[in-house]
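Peer 1: Below is the sequence, then the predicted model.
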Amino acid sequence: MDLSLLRSKFRGSMLGALIGDCFGNLYDNGYNSLSDGMKFVLQKSFDTLEGPVSKVPVMQYTDDSAMTYSLAKSLVEQKELEIVDVAKRFVKSYFLEPNRGYGTGVVTVFQKLRGNKFADIIEPATEQFNNQGSWGNGGAMRITPIALFCYENYDNLLDTVRKVTQITHTHKVGIDGAILQAAAIYQSLHLDPNEELNVMNFIDDLIHKMDKIEKDEEGLGLAEPQPYKIQLGVVKALISEDGDSPQVEKVIKKLGNSVAALYSVPTAIFCFLRAQKPISGIQTENPFRRAIQYAISLGGDTDTIGSMTGAIAGAYYGEEKINSNILQHCESSTEFRVLGDKLFEMTVTQ
Ligand code: 8NA
Ligand code: MG
Ligand code: MG
Ligand code: MG
């Protein structure tokens, strides 16, 4: 692939994660889809922020971007995955800014890590929720830098995702959600946005990957042994249903919009793929924006589903499709672009 396009895709993925989080943070709405009124506000807000830069306050990012930033910064400075360094940065960043909307359980992990002076990186996470570990989407929401870092090595991707995720999430469903999100970004990075996306191939490739991963894992202890493979099948079925209706209620019912990785990562993948085509009620020609706007319109965990959708879409389209005025309204967008560049420079053989 052309190197300037690939650099743009690295930037796009980091920036997409940030934009989805910043916008989504403003539309947190319990577990209901956005009301028609709020959808209208969202449409107008994108329209306004795409226009000439006004004095609208900068949108703050949340835990999703805080952790993405820490992870990217660690990779760039250490030049490899240094798991203790990553854990220290997560903890430091949390105690500096604890009000970034962290999950209620994960805070205990940060306290224990600080308490044991990082002597054991995994134990605090394994003790979560009566030793089940967390199945929240906190592993998946921050995984973008790892997908970029492993651009040239899919075999490393799985192991690297597992290590980074286990700092806070040891439940298989939490880990596999992070793997699926990373795999979706990885696939997007490798595709040429100037060619029409083969949506069915994209899903089939993910189903194939998750089938293997979920089969390789023993003792899942769940009624449904291949939950992500099943949910990706649902994504496929929903995509196949024609028409331009946004199917919001059906998507929420079948794919979910919650903080659970299983009921948010497949949703983000669906949003990216569905937004290849126009969606009624969302007025934009820009498929990157459409994906994030659609993701947020589903309600629920809007910052995280918006962020995960943005990371996948940005990795596919690259920075070209990201409105530069919007970026000026997102906290730390310059830093996120620079981190995308640095990850590109250290990862891609030039
Ligand atoms: P987490 O590990 O605390 O998990 C999130 C939540 O999932 C927990 O608080 C539990 O309610 C539930 N949960 C996870 N695993 C289990 C289990 N084994 N048994 C029972 N319940 C369980 O944190 P996380 O990092 O996974 O959370 C990520 C989400 O939290 C993201 O959406 C992030 O943005 C944040 N979040 C914040 C707000 C907010 O506004 N404060 C709202 C939603 C989500
Ligand atoms: Mg958040
Ligand atoms: Mg939220
Ligand atoms: Mg969230």
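Peer 2: Received, thanks. Ligands and ions are numbered 1, 2, ... in the order given.

Peer 1: OK, contacts around Gln181?
Peer 2: Neighbouring residues of Gln181 by C-beta atoms under 8 Å, 6 or more residues apart in numbering: Ala140, Met141, Ile143, Ala147, Val265, Ala268, Met308, Ala311, Ile312. From N, CA and C alone the C-beta is placed, and that goes for glycine too.

Peer 1: which one of these is nearest ligand 4?
Peer 2: Distance to ligand 4, by C-beta to the ion, is smallest for Met141 among the contacts of Gln181, at 6.7 Å.

Peer 1: what number of residues lie near the closest one?
Peer 2: Number of residues near Met141 (other C-beta atoms under 10 Å) recorded here: 33.

Peer 1: correct me, but Cys150 touches Arg162?
Peer 2: No - Cys150 lies out of contact with Arg162 (C-beta atoms under 8 Å); the separation is 11.9 Å.

Peer 1: Now do the shared contacts for the two.
Peer 2: Common contact partners of Cys150 and Arg162 (C-beta under 8 Å, 6+ apart): none.

Peer 1: From the neighbour counts alone, determine which of these two ranks first.
Peer 2: Taking neighbours as other C-beta under 10 Å, Cys150 and Arg162 compare with Cys150 leading, 22 against 16.

Peer 1: Got phi/psi on that one?
Peer 2: Main-chain torsions, Cys150, degrees, to the nearest 10: phi -100, psi 20.

Peer 1: separation between it and Gly233?
Peer 2: Noted for Cys150: a distance of 26 Å to Gly233, by C-beta to C-beta, to the nearest Å.

Peer 1: Which residue is the nearest non-sequential neighbour of Leu5?
Peer 2: Leaving aside its sequence neighbours, Leu5 sits nearest to Gly318 (C-beta to C-beta, 6 or more residues apart in numbering; 6.2 Å).

Peer 1: ok, now Arg162?
Peer 2: Leaving out its chain neighbours, the residue that sits closest to Arg162 by C-beta to C-beta, 6+ apart is Ile175, at 5.8 Å.

Peer 1: quick check, distance from the helix or strand containing that neighbour to the centre of its chain.
Peer 2: Using DSSP states H and E, Ile175 falls within helix 172-189. For helix 172-189, the separation from the chain centroid amounts to 9 Å (computed by C-alpha atoms, centre = their mean, to the nearest Å).

Peer 1: from now on call the first residue 161
Peer 2: New numbering, starting at 161: the last item is helix 332-349.

Peer 1: Using PDB, write down the CA coordinates of that helix.
Peer 2: Backbone C-alpha positions of helix 332-349 (Å, rounded to 0.1, in the frame of the first residue of the first chain) are rendered in PDB as follows:
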ATOM      1  CA  LYS A 332     -12.600 -14.400  28.400                       C
ATOM      2  CA  VAL A 333     -15.500 -12.400  27.000                       C
ATOM      3  CA  GLY A 334     -13.700  -9.200  27.900                       C
ATOM      4  CA  ILE A 335     -10.500 -10.400  26.300                       C
ATOM      5  CA  ASP A 336     -12.100 -11.700  23.200                       C
ATOM      6  CA  GLY A 337     -14.000  -8.500  22.700                       C
ATOM      7  CA  ALA A 338     -10.700  -6.600  22.700                       C
ATOM      8  CA  ILE A 339      -9.300  -9.200  20.200                       C
ATOM      9  CA  LEU A 340     -12.300  -8.700  17.900                       C
ATOM     10  CA  GLN A 341     -12.100  -4.900  18.000                       C
ATOM     11  CA  ALA A 342      -8.300  -5.100  17.300                       C
ATOM     12  CA  ALA A 343      -9.000  -7.600  14.400                       C
ATOM     13  CA  ALA A 344     -11.600  -5.300  12.900                       C
ATOM     14  CA  ILE A 345      -9.100  -2.300  13.000                       C
ATOM     15  CA  TYR A 346      -6.400  -4.600  11.600                       C
ATOM     16  CA  GLN A 347      -8.600  -5.600   8.700                       C
ATOM     17  CA  SER A 348      -9.600  -2.000   8.000                       C
ATOM     18  CA  LEU A 349      -6.000  -0.900   7.900                       C
END
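
Peer 1: Okay, helices next: where are they in the stretch 361-510 of the chain?
Peer 2: With DSSP state H, counting those that start in this stretch as the criterion, the stretch 361-510 of the chain has helices at 387-400, 408-415, 425-434, 447-457, 462-477, 484-487, 493-507.

Peer 1: Can you check which of the ones you listed gets nearest to ligand 3?
Peer 2: helix 462-477 (4.5 Å).

Peer 1: for ligand 3, what are the nearby residues on the stretch 361-510 of the chain?
Peer 2: Contact residues (C-beta under 5 Å from the ion) of the stretch 361-510 of the chain with ligand 3: Asp461, Asp463.

Peer 1: Point out where the stretch 361-510 of the chain drops to low pLDDT.
Peer 2: 378-384, 402-404, 406 (pLDDT under 70).
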